[in-house]
Every structure is written in C-alpha cells, then in structure tokens.
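J.: Sequence below, structure please.
(chains A and B)
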Amino acid sequence: MKSLQRSVYDLLEGSVQNKASRYCEIFIASVVVLNVLAIILESVHELHEAYEYYFHIFDLASVVIFSAEYVLRVWSYGVKYLEDEGDSWRGRKEYIFSFYGFIDFFGTMPFYMQLLFPGLDLRFLRLFRLMRIFKLSRYNSALSDLAEAVKTERDSFTSAMFLLLISCLLCSSLIYIAEGHLQPEVFPSIPATMKWYLLTIISGWGNVEPLSLIGTVLVILTQVLGIALAAILTGVVATAYTTQVERRQVMYEMAIREVLADGVVTEEEQNHLHQLQHQFGMSDEQVEAIARQVREENEQQQNKVAARA
Amino acid sequence: MKRRLMQILDGSSPDIFSKIVEWMITVVVLTNCAAVVFDSVPEIHAEHKEFFHELEFWSVMFFTTEYILRSWCYGARYSKEEGGAWRGRKEYMFSFFGLVDFFATAPFYVHFIFPYLDLRVLRVLRLLRILKLSKYNTALQDLFHAVASEKKAFASALFLLVIATIVSASLMYFAEGHNQPDHFGSIPICIYWSIITITSGYGNVEDLSLAGEIIALITGFLGVCMAAIMTGIVASAFSNQMSRKKAAFGQQLREALADGIVTEEEEQVLERLKRQYRLSDDTVKSMMEEIRIEKEKAEANKAAG
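T.: Predicted structure coming up:
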C-alpha cells in the first residue's frame, strides 16, 4: 500500500524524471488546454447551440479526470514526509492549502455545486472553470519565476508602485482643477480623472484634448511619466531576471564543487547534476564551462598543497 | 581554382577579393530592394517601367551566376574521403542561404515559362533577396542563437502572454458580454479586444460598466508589464550570450597563450574567432592582459613554492 502511494506520488509530482510521469504530465496538460479551448468556443453562441451535447460530455469527462487527480493527489501526498517528520496529514494539508491545491479544488468543485444547487448563475460557474488554466503553471515555471522575481526585487517594485500611486493622485487632482470646469463631461470628478490618467500612463493617449495651458503641460508630463514607468519596470524585470540566472549559476557551481570534491563522480551525482541543469534551464556549454573552471581551481589548489608539502 | 573561388565567395579567408565580392553583392541587393519598394508607387512605375525591367533582368543574371558559382565551388569544401564534391554542394543548396538564394532568383524563370502568374507573389519573393544580406551581418543569426539558447525564458514569456490574454478576455466576456454583445459577444471576440489592449493600451471600446472599466485598465497595465518582461528577458538573453562568447574566446586565448608563444596559425584562429564573436579590439586586449597577469601570478607562486 505504502509503495503504491509512493509511486503515485512520484508519478503526479514529477520529482522523479521518468517516462510515466512525463506522459502523465502531458496528459493532464492536454486535458487542461482542451478545457480552455472548450470554454472559449462554448462562449460563441452558434457553436454552443450546435454542439451543446458534446461540450457537456467533454466537461463531464474532464471533471471526472480532474476529480480523480485531486483525490489521488490528496491521498498520495501523505507520503511526502516521513513518520517522524509529522504524520501523513502534514503533506496532505500542505497540498490542500497550497496555491495548486486551491486551483485544483476550485477548478473542479463548481460542477458539483451545480449538481447540488441547479439554479446557480452559469457565468459564475464558467469563471471558476477558467481557473483550470492555472493548472498549467505546474508544468511551466514562468509564473513562479515571476513571483520569485517580484519577491526578490520587491523594494524596487514597491517604489515603482508608490511612484505610480503618488503621481496618479497628484496629477489627476491637478488636471481636475485645471480642466474640470472647462470639460465637465470628461473630467466630472477626481475618480473619473484618475481613470483618464491611468489610461494615459498605459497607452500614451487618454483620448482627451486639453484646453488650458496648464492642462497641456500636465498631459505632457503624464505621458513622460508613462514612459518612465515602463522604463523602470523593464529595468527591474531585467535585473531580477539576470540575478536569477546568476544565482542559479552559483548554485550549480556549488553543486559541482561538492560533486568534484572527492574526485569521484558517481552515477547518482551525475543524475543529480542533470536534474539541476534541466531545472535551471542551462545549456550544455554553460555547464561545461562551469565544470572546467571548478576542475582547474581544484588542480591549482592541489598543486599548492603539493608545493607546500 | 575551385578552392580559391570558394574562399572568395565564402569569406572564410579575409582578403581583398572576398571583401570586394561582399560589397558588390550587398550593393546589388540593396539596389534591388529599393527598386521593389519604388516600383510599387504607381507614378514611378509608369514612368520608369523600362528601367525597372532592365534592372531586374541584369540582377537576375547576376544572382544566377552567383548561385551557379556557389553550387559549383562548394564542391571543394570536403575532400574525396569525406564525401566528395556533392556533399558540400548539397549542404549549400539545402542550407538557409542556399534556399534563399534559390527562391529569390527562381521566380523570374518561372514567370518566363508561365507568363500569367500572379505578379504580386513574385514581387514578394523578390524581397527575399534582402535576406542575402544576413550572410554578411550576424545580427539575424545572433538573434536566432539568443532565442535558441534562452528558449526557456522566451517560452515562459509567451506562456505569460497567452495566460494574460485568455484570462483578461474571459473576464471581460463575463463582465460585458451582456451589455455589448457586438463588442464582447463571445470569448474569441474578447481575445481580439484583449490583444489590442495589451499591445496598444487602449481597446477602442467606450461605455463600459465599472467592472469592465477596471478590467480594461488592469489589462492595459498588464500590457505594460508584458512589454517590460519581454524587453528584460531579451536584454538579459543577449548579455548572457555575449558573456558566453567572451568565455569561449577567453578559453581559446588561454590555450593559445599557454606555451608562451603565439604561432601564426594560432593568431589566424584567434582573428577569425574575434570576427565571429564580434569582439572589439579593446575587449581582446584587456582579456589578453588579464591572462598575462594571471600567468605571472601563477609563475610567481610556483617560484615561491
């Protein structure tokens, strides 16, 4: 029983790179993609009319698949921690209350809700079904990478957001004062002016011609601020991304150093390195360069030791 | 003679002849592209019809000669034991540049045989000639290499873009689908709106409800963020690639300087690598200096030991 649980865990979690877990990944990912396509197509009225039955069958089948996946995950995550680290409910609780646990739950549950309370708003249920798209991020690190980047660079992000907020309050109040009485239909209140301000920041043109001189100056200022904001965000993301790449390189270098320390590379260590390389998305050349550098350093050290002896 | 011609056309040995050939081809290609562009203006076309025709004829002759010469002399690339003359020729013909050379010239002859073909298609194929220039400029190749080596990062960015588009489109559909069925009647229509909003910041639809207004602003802001993410990833992909190239060059340099003597052959190899990696003289000089200092230190250490 325990071993079955273990192998289901390995299969679903993908921590062991083998064919079976790869196929499992591909299968779930394709069901998710098909689901998203179905949701998109279902919203076209003519298609919905013509193929309602098939859409329903497909939704039923995918709910069965996702429910099975959820139940299996909850059950098998019990083996994540050993007996002495906390019992099997620790791993389960961790999964259920993780980001993916919520996504898996809320992506499937609305279907059963509909069964229990048939009168619910359909649009609301569809919105929940759309959450299934986030299941994909389990197999692509883009979202978690982005979250990590934002976390490491949160100071810069906060300052950018702070700048945006302050300038939004200030500029929209000023423009309301300058233009509000000239164009009451587009600047009737400060919140409405804020909407115009954000539009200008984002797209560069808020669709309103300023009438007064001060208004013109403020509009130009807003447009320049929009460019500045884009530049700040780009810089922050580029820095975050470069630091991430560098950090991964250092981590990989440390792993190699550890492996090469005793001079012997076992098969297990080789596998570990391969997995790291895959996880970090590094090219073979990069890995080769790092390995060579470490090896040279080791040799130099040994030479030094020999010379001293 | 075949070998010599190959060196000239290939540009593998930097000498004056291959430089001249390079320049000649570049000038003809640029003239051709300018001709295609101006030919599409009706007034100019009516006035200088003869001239354009003449120009097209002579450039096709020129490119055909180039193609035939290349196909012939690339046979010298591999010796008899390595696969004979046809291996090099086949390699050229089915390479990216071989295909470009072929498809940029062949339509003229097709037009000759079947005179009633659609002229616009032929004109577009003529524009392929501009790709011939990428033989002499590594920008396109650099771009492909950067994309290939950072494909994970690019895939991630695309993934984010797709998710942002689909989620914002669906949210907009749920918020506005009832009120404005002609603008937001189905999710595919909303996806169109969402792509426009993400790329340009404003989706050209008025009179939204409060929820729709907020979703539209967030989508526009997501567009700014997506541009930032793309730019950031591309910039750091390029700089990563540059540092990788430098590392590779440094390795070669180290090997060449290891015995303390730089032979003529090694110098040629380094020169070629420098051109290939597009490193400036200053960079190379500073790298050499660095290696020299390193070596001196190592020797001093040894002497002390």
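J.: the domain parsing of chain A - what is it?
T.: What automatic domain parsing lists as the domains of chain A is A:2-139, A:152-241, A:243-308.
J.: end to end, how far does the longest one reach?
T.: Its first and final residues considered, domain A:2-139 spans 26 Å by C-alpha to C-alpha, to the nearest Å.
J.: Repeat that for the second one.
T.: Separation of the first and last residues of domain A:152-241 by C-alpha to C-alpha is 10 Å.
J.: Pull up the residues of the stretch 51-200 of chain A that are close to chain B.
T.: Of all the residues in the stretch 51-200 of chain A, those in contact range of chain B (C-beta under 8 Å from any C-beta of the partner chain) are A:123, A:126-127, A:130, A:133-134, A:136-137, A:140-143, A:145-146, A:195, A:198-199. For the C-beta atoms, the positions are set from N, CA and C on the backbone; glycine is no exception.
J.: sorry, back to before: give me whichever of the domains of chain A is most buried.
T.: Across the domains of chain A, the average number of neighbours (mean count of other C-beta atoms under 10 Å in any protein chain shown) peaks for domain A:152-241, which reaches a mean of 17.
J.: average model confidence for it?
T.: When pLDDT is averaged along domain A:152-241, the result is 86.
J.: Stretch B:139-152 and chain A, are they touching?
T.: Yes - contact of stretch B:139-152 with chain A (C-beta under 8 Å from any C-beta) involves B:Ser149, B:Lys152.
J.: Could you report the neighbour count for whatever residue of chain B ends up closest to chain A?
T.: Nearest to chain A, among the residues of chain B, is B:Gly201, at 2.6 Å (C-beta to the nearest C-beta). Using other C-beta atoms under 10 Å in any protein chain shown, B:Gly201 has 25 neighbouring residues.
J.: thinking it is in contact with A:Gly204, fair?
T.: Yes - counting by C-beta atoms under 8 Å, B:Gly201 touches A:Gly204, with 6.7 Å between them.
J.: All the helices of the stretch 201-305 of chain B, residue numbers only.
T.: B:210-257, B:264-277, B:281-304 (DSSP state H, counting those that start in this stretch).
J.: So for chain B, the centremost residue is which one?
T.: Centroid-nearest residue in chain B: B:Leu140, 1.6 Å away (criterion: C-alpha atoms, centre = their mean).
J.: and the strand or helix carrying that one with helix B:210-257, angle?
T.: Secondary structure assignment for B:Leu140, by DSSP states H and E: helix B:139-149. Helix B:139-149 runs at 100 degrees relative to helix B:210-257, counting by axes from the mean of the first three to the mean of the last three C-alpha atoms, to 10 degrees.
J.: any idea how far the residue nearest to the centre of chain B lies from B:Met242?
T.: Counting by C-beta to C-beta, to the nearest Å, the separation of B:Leu140 from B:Met242 is 17 Å.
J.: name the helices or strands packed onto the helix holding B:Leu140?
T.: Contacts defined by 3 or more C-beta pairs under 8 Å, 6 or more residues apart in numbering or on different chains; DSSP states H and E place helix B:139-149 against helix B:210-257.
J.: So for the helix it packs on, mean pLDDT?
T.: Here helix B:210-257 scores 81 as its mean pLDDT.
J.: From the chain's centroid, how far away is that helix?
T.: Its chain's C-alpha centre and that of helix B:210-257 lie 17 Å apart, by C-alpha atoms, centre = their mean, to the nearest Å.
J.: try stretch A:190-202
T.: The answer for stretch A:190-202 is 28 Å, by C-alpha atoms, centre = their mean.
J.: Give me the contact list for the host helix or strand of A:Ile202.
T.: Per DSSP H and E, A:Ile202 falls inside helix A:190-203. With contacts defined as C-beta atoms under 8 Å, 6 or more residues apart in numbering or on different chains, helix A:190-203 is touched by A:164, A:168-169, A:171-173, A:175-176, A:180, A:186-187, A:206-208, A:219, A:222-223, A:225-226, A:229, B:200-202, B:213, B:217, B:220-221, B:223-224.
J.: go with 7 Å
T.: Residues outside helix A:190-203 that contact it (C-beta atoms under 7 Å, 6 or more residues apart in numbering or on different chains): A:168, A:171-173, A:175-176, A:186-187, A:206, A:208, A:222-223, A:225-226, A:229, B:200-202, B:213, B:217, B:220-221, B:223-224.
J.: and what of stretch B:176-196?
T.: Stretch B:176-196 is touched from outside by A:40, A:43-45, B:165-166, B:168-170, B:172-173, B:203-205, B:208-209, B:212, B:219, with contacts defined as C-beta under 7 Å, 6+ apart.
J.: Next up, the contacts around the closest residue to A:Leu164 other than its chain neighbours.
T.: Residue nearest to A:Leu164 in three dimensions, not counting chain neighbours: A:Leu229, with 6.1 Å by C-beta to C-beta, 6 or more residues apart in numbering or on different chains. Going by C-beta under 7 Å, 6+ apart, A:Leu229 touches A:Ala160, A:Leu164, A:Ile201.
J.: A:Ile232 is in contact with the first one, correct?
T.: This means A:Ala160. Yes - if you go by C-beta atoms under 7 Å, A:Ala160 and A:Ile232 touch, sitting 4.9 Å apart.
J.: show me what contacts residue 219?
T.: You didn't say which chain, so I picked chain A. A:Val219 neighbours (C-beta under 7 Å, 6+ apart): A:Pro210.
J.: The intended chain is chain B.
T.: Counting by C-beta under 7 Å, 6+ apart, B:Thr219 has contacts B:Ser168, B:Ser194, B:Thr197, B:Ile198.
J.: Off-centre distance for the helix holding B:Leu140?
T.: Relative to its parent chain, helix B:139-149 has a centroid offset of 7 Å by C-alpha atoms, centre = their mean.
J.: Next secondary structure element downstream of that helix?
T.: Later in the chain than helix B:139-149, the nearest helix or strand by DSSP H and E is helix B:151-176.
J.: Could you tell me the angle between that next one and helix B:139-149?
T.: 80 degrees.
J.: Just the buried positions in the very next helix or strand once past helix B:151-176, please.
T.: Counting by DSSP H and E, the next helix or strand C-terminal to helix B:151-176 is helix B:181-184. Of the residues in helix B:181-184, B:His183, B:Phe184 count as buried by neighbour count, 16 or more other C-beta atoms under 10 Å in any protein chain shown.
J.: Could I have the CA atoms of helix B:181-184 written out in CSV?
T.: Output in CSV follows, covering the C-alpha atoms of helix B:181-184 (Å, rounded to 0.1, in the frame of the first residue of the first chain):
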residue,chain,number,x,y,z
PRO,B,181,-22.8,41.8,-27.4
ASP,B,182,-21.3,43.2,-30.6
HIS,B,183,-18.0,44.1,-28.9
PHE,B,184,-17.8,41.3,-26.3
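J.: Many thanks, we can stop here.
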